[in-house]
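Visitor: Sequence first, predicted coordinates after that:
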There are 4 protein chains.
Amino acid sequence: MAIKVAINGYGTIGKRVADAVDAQNDMEIVGVTKTRPAFGCDLAVRKNYPIYCTYDDAEKISAFAESGYECHGGLSDLLAVADIVVDCSPGKVGAANKAKYEAAGIKWIFQGGEKHAMTERSYTSSANHMENVNVNGTRVVSCNTTGLSRTLVPLYNHCGQLKVECTMIRRAADPGDSNKGPINAIKPVLQVPSHHGPDVMTVKPEIEINSMAVAVPTTLMHCHSIVATLPEGHGLTTNSVIEMWKNSPRIIVMNGAQTGISTTAEVMEFARDIGRKWGDLHEIFVWEDGVKLDGNTLYYFQAIHQESDVIPENVDAIRALMGTESDWKASVAKTDAAISRYNNL
Amino acid sequence: MAIKVAINGYGTIGKRVADAVDAQNDMEIVGVTKTRPAFGCDLAVRKNYPIYCTYDDAEKISAFAESGYECHGGLSDLLAVADIVVDCSPGKVGAANKAKYEAAGIKWIFQGGEKHAMTERSYTSSANHMENVNVNGTRVVSCNTTGLSRTLVPLYNHCGQLKVECTMIRRAADPGDSNKGPINAIKPVLQVPSHHGPDVMTVKPEIEINSMAVAVPTTLMHCHSIVATLPEGHGLTTNSVIEMWKNSPRIIVMNGAQTGISTTAEVMEFARDIGRKWGDLHEIFVWEDGVKLDGNTLYYFQAIHQESDVIPENVDAIRALMGTESDWKASVAKTDAAISRYNNL
Amino acid sequence: MAIKVAINGYGTIGKRVADAVDAQNDMEIVGVTKTRPAFGCDLAVRKNYPIYCTYDDAEKISAFAESGYECHGGLSDLLAVADIVVDCSPGKVGAANKAKYEAAGIKWIFQGGEKHAMTERSYTSSANHMENVNVNGTRVVSCNTTGLSRTLVPLYNHCGQLKVECTMIRRAADPGDSNKGPINAIKPVLQVPSHHGPDVMTVKPEIEINSMAVAVPTTLMHCHSIVATLPEGHGLTTNSVIEMWKNSPRIIVMNGAQTGISTTAEVMEFARDIGRKWGDLHEIFVWEDGVKLDGNTLYYFQAIHQESDVIPENVDAIRALMGTESDWKASVAKTDAAISRYNNL
Amino acid sequence: MAIKVAINGYGTIGKRVADAVDAQNDMEIVGVTKTRPAFGCDLAVRKNYPIYCTYDDAEKISAFAESGYECHGGLSDLLAVADIVVDCSPGKVGAANKAKYEAAGIKWIFQGGEKHAMTERSYTSSANHMENVNVNGTRVVSCNTTGLSRTLVPLYNHCGQLKVECTMIRRAADPGDSNKGPINAIKPVLQVPSHHGPDVMTVKPEIEINSMAVAVPTTLMHCHSIVATLPEGHGLTTNSVIEMWKNSPRIIVMNGAQTGISTTAEVMEFARDIGRKWGDLHEIFVWEDGVKLDGNTLYYFQAIHQESDVIPENVDAIRALMGTESDWKASVAKTDAAISRYNNL
């Protein structure tokens, strides 16, 4: 029987998670929430996702019908018919929501905007799927942490020890955000080290990592500049690291000089060209010619598609929490095969 | 029997035209050309479009097989099995190509990068479909001219007379182009008036129009700021102009204040959200609250998606030249219905 | 005896007006106001401008001394020793300030952020200096209106009649502003026509003008794309219009192709190169090769340095209100000669 | 007697070096070269710098007079009257020039665009002034290397050992360059590690350093994200590092949160505000609240004004080569005091 999944918050992340869940044959969407009858409702209708109101408020619920949308009730009504809820609401309301989910007696998944201290557990597919099997709730970590986990965990698994410094060059605004700047500046994040890198330790505490971050005037992807110190006797070469990543899930390794994909702009065009819905790129993009292992020091760049790399992790996390698949690689294979059916031309 | 369509130049425009043609039930793609075995070949393979080499050169043709792609021959071979060719090669090689197409005895369509003086005939669906019925060749005009034609032709058809001044605020580079600037400047096009506006007269000579242009540091869409002087007794109001456009094909009219779609960034997000392939927007986007008819002077803004608004016009132009549909509205309806099947979530 | 000038608001505009006034031999700065002891105070100290507090509030006044700055009192104290005050405070507090200035019995000048309805009188040097002679108060119009006035008034004076449409391509943020976007979008101003163009009629009611505006991701200058319809028998040519502007004050006419100054970025570099303080450009920049008179229709582009083109107008306005120079050209010559002494390498 | 200084290449760097030299009382400019009578000649005339032609070519030399500029001869003529030449010509012509300078029997200084392998010696004021005393020629290292040297050398001098990883977030184009992009992308430099960091070792071989670099869509400053590993027993604290830098020449340390200077845009506004010619900032800007010493690991950000931080080093290098001042701190003090006379309001 399919796992009944609720999406609380049908926005940038919620709509993507919903479609990825909907593509799986062991899950179904039982409803999505909107705060009010706005644009996203049309998408839900088109996809046949039942609409619920974010609030248990009769007046707010009836506002949907007045705008011509069928609303099936408030959040409580949705939780009552679900096995698990994926919370995709904007950050900072998590603690109150968690109480509701627990009261409803269903499992829950938060996103990286919430803190580990609130969820007490975090998740990425390759780092700690097994530890999340059958637990009540977890947090799928942020786009940056997910991205670091993708490339660092296989490395750690090989080496048994890692010390990492990462500079995150972040897109300053989302592609559809026309208010935020800067237009012509580099903005260092003056909290040093930043919180981004250490967040990896919530899913893989054995990796020692720090990070610094700057925001720059672009809207497409984040870029990580990474220096990892491997232990003596690591036995790796530049080429074997590249091979390791090519054989790891959800990493794309391409040669910038050969393909002409030299910036995040061309990476995003590549995603459009291969037919990805919304032009998304669930994989982490690593430039093959930007990888260099120099003695024990590994240098590499990777690009992160902020609004989409965590989408497949949410699907895997559902299987972990519901206990239906304890082998992370099996879940990843299943998730990605299903997604690829809608994701390619 | 389906019209056999060749695509000469399977790049940014070519791949889009190919998919739009492929979606029609009265046409089929008999082949696409590439200069060499590069990235686009994978897309063609995935779509089952036969690959041909741009050149009739045995060595260049055999290079494809060496890279693992089946190449069905040179351009001549492709032209021999086609009824019509859509030339989507980079500008400035048109004259030589036209000779080849005529020698092959098939019909041909060029894009707006070529000059009207070379093709001697130009095309947009709403302006002059009928005049292109059964002719040997034509030119689908540029993204900007197509965009102006979409909104001005219905206006002209109502008023019988129009004098138009347009300032084109152009995206300075394509989204996947990481070389072109400027990063922080406004670049006026010092040819005044610019050639863009008057190009409308190649499809609708009765519209009197001039334009100026500036390039600005954005990669998403062009924006037109338009001032049209209507004749006395035009009988229109701001609202009736808006209604006219809402009832005209391939124009989207939305209220910026109500929808929050206040810039070209949100327009492009809207296109992604409604599931358009590549995030394209074939329609011209007009801000409802940016339209104002003040006496005889009509002010409005419209946004143009450079790489995609001409795609459906190419499909209609094929029907015109092949003489299979002389009613432009019927062709447009057929084209757009077929496209919408792949274009929505 | 020198005119005693107070600057109320020593920020982006205020500090520039102060230095321009200070350079004149018929004026002196008797004080500048700051809301609190912050960075700008150091500049005032370095320039020997007496510092006053924006508020008549003992506590706020004494805060300056605690930070090591000598504060000479509150706004009232400053007004008591001034002949005229230039209000350079952030917009929207004008009405309350005007009451204070009138109570103090001194003359006052506001900036373009305030509305004509409040000041009841507006000013640019070339348009209406004479009409402002000996009046109690006026408003130096905005950077855009000042820029339009510079090029249109000489044209109007020649032709006697003008109908103008202007599209303003505006820098979306100030150069030192790192919060405002958009980073990658064009933002049409959906109030159509915009208020900018018609504001010219507050200084030259005879010029018929409308405008549209878009904001674009740049921080350097605004650019105007202008279409002016001249009356029959105007007797002008493209060249004679260019000559007219070359002979008009505060207009720089340069050929983009010959000088390589093809965008607003190079215009700003030019200003830095010729040693202008802060890299400012008080003049309006017109591209010679972007001017074209086609029958009765004149097309041209001009670039506006937002934070500085109004600076010399403020100096002239002081002379007008104080009645010390009723000939606008004489005032302009005097102002500019004095400024040039600090403005060149 | 004043040192006679020739500037070969009066462009972006050359004009700045010329003015800095001209401000010193122990040096004088005996001439500057231009390839042809273009814009920069006016600046030279205004500053009374004799103009020479870059080439010893009678026809090219006489072209200057035809354009109204007095040209004093070719490069050979200039070298004949100079004690030392500062080569500020665009990169890659250095080797040929060096031969000319040696033939003329005068001393020479190249810029960082040339390679250490050609000059065989490199220079920054704090790293190796003494080693450059009385030598025949040297290379003032690039803006990035100079910037790293400013903050790392004092640190090295204290610790005796340093291991540094630096990510350089580079402005992709100069402020007056309107051709280069990207407009909306992050471009990793796929040579890993990049050459920038190790260049520090040409002036201070004892510092172990690697770097990675990305280019981003901004025109103002470069930003360095630096992780330095100090040796055990370094005896430093976050505060003592900050104090060390505050007491080192040509470093500005300011608190971003307190001053509102949170990005490179505000840093550049600060430079304009304090009256720096061209809005330049010769100093390296370090955010006080972006410095953190965590055990043996020091994290910090610094911003580099690409076209100006090397200017005062050129002046010091002249004194080193001419042997007139062997104490680097004495030279720095002299240089900076003289520059400050033209650099402040």
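Guide: Okay, I see it. Residues are numbered from 1 along each chain as shown, chains lettered A, B, ... in the order given.
Visitor: residue ranges with poor pLDDT in the stretch 51-200 of chain A?
Guide: Scanning the stretch 51-200 of chain A with the threshold set as pLDDT under 70 gives A:91.
Visitor: Which elements pack onto the helix or strand encompassing A:Ala213?
Guide: Taking DSSP states H and E as the definition, A:Ala213 sits inside strand A:208-216. On a contact count with 3 or more CB pairs under 8 Å, 6 or more residues apart in numbering or on different chains; DSSP states H and E, strand A:208-216 meets strand A:163-171, strand A:187-188, strand D:163-171, strand D:222-229, strand D:297-304. (C-beta placed from N, C-alpha, C; glycine too.)
Visitor: Is the last one in proximity to chain C?
Guide: It stands for strand D:297-304. No: using CB under 8 Å from any CB of the partner chain, strand D:297-304 stays clear of chain C, with a minimum separation of 12.6 Å.
Visitor: what's the strand holding A:Ala213 in contact with?
Guide: A:148, A:152, A:162-172, A:182, A:186-189, A:192-194, A:196-198, A:200-201, D:167, D:169, D:186, D:216-218, D:223, D:225, D:227, D:294, D:297, D:299, D:301 (CB atoms under 8 Å, 6 or more residues apart in numbering or on different chains).
Visitor: so how far is that strand from its chain's centroid?
Guide: Centroid separation between strand A:208-216 and its chain, computed with CA atoms, centre = their mean, to the nearest Å, is 18 Å.
Visitor: Dump it to PDB, restricted to CA.
Guide: Listed next in PDB are the C-alpha coordinates belonging to strand A:208-216 (Å, rounded to 0.1, in the frame of the first residue of the first chain):
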ATOM      1  CA  GLU A 208      35.900  17.700  10.600                       C
ATOM      2  CA  ILE A 209      34.800  20.700   8.600                       C
ATOM      3  CA  ASN A 210      34.700  24.500   8.800                       C
ATOM      4  CA  SER A 211      33.500  27.000   6.300                       C
ATOM      5  CA  MET A 212      33.400  30.700   5.200                       C
ATOM      6  CA  ALA A 213      30.800  32.200   3.000                       C
ATOM      7  CA  VAL A 214      30.400  35.200   0.700                       C
ATOM      8  CA  ALA A 215      27.200  36.200  -1.200                       C
ATOM      9  CA  VAL A 216      27.700  37.400  -4.800                       C
END
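Visitor: between it and strand A:163-171, how many degrees?
Guide: 20 degrees (axes from the mean of the first three to the mean of the last three CA atoms, to 10 degrees).
Visitor: in its sheet, what does strand A:208-216 sit against?
Guide: As defined by DSSP bridges, the strand partners of strand A:208-216 come to strand A:163-171 (parallel), strand A:187-188 (antiparallel).
Visitor: just to revisit the earlier point, buried subset of the contacts of strand A:208-216, written for PyMOL?
Guide: Selection of buried members from the contacts of strand A:208-216 for PyMOL, criterion 16 or more other CB atoms under 10 Å in any protein chain shown:
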select buried, (chain A and resi 148+152+162+163+164+165+166+167+168+169+170+171+172+182+186+187+188+189+192+193+194+196+197+200) or (chain D and resi 167+169+186+216+217+218+223+225+227+297+299+301)
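Visitor: re the thing from before, in TSV: the helices and strands packed on strand A:208-216, plus distance to A:Gly105.
Guide: Below are the helices and strands packed on strand A:208-216 laid out as TSV (distance: least, CB to CB, whole Å):
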stretch	distance to A:Gly105
strand A:163-171	39
strand A:187-188	44
strand D:163-171	48
strand D:222-229	47
strand D:297-304	45
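Visitor: To D:Gln111, which of these lies closest?
Guide: strand D:297-304 (14.9 Å; CB to CB).
Visitor: those strands in the stretch 201-345 of chain A, which residues are they?
Guide: Taking DSSP state E, counting those that start in this stretch, the strands of the stretch 201-345 of chain A run over residues A:208-216, A:222-229, A:251-254, A:284-287, A:292-294, A:297-304.
Visitor: Not counting residues beside it along the chain, what's closest to A:Ala80?
Guide: A:Ala104 (6.6 Å; CB to CB, 6 or more residues apart in numbering or on different chains).
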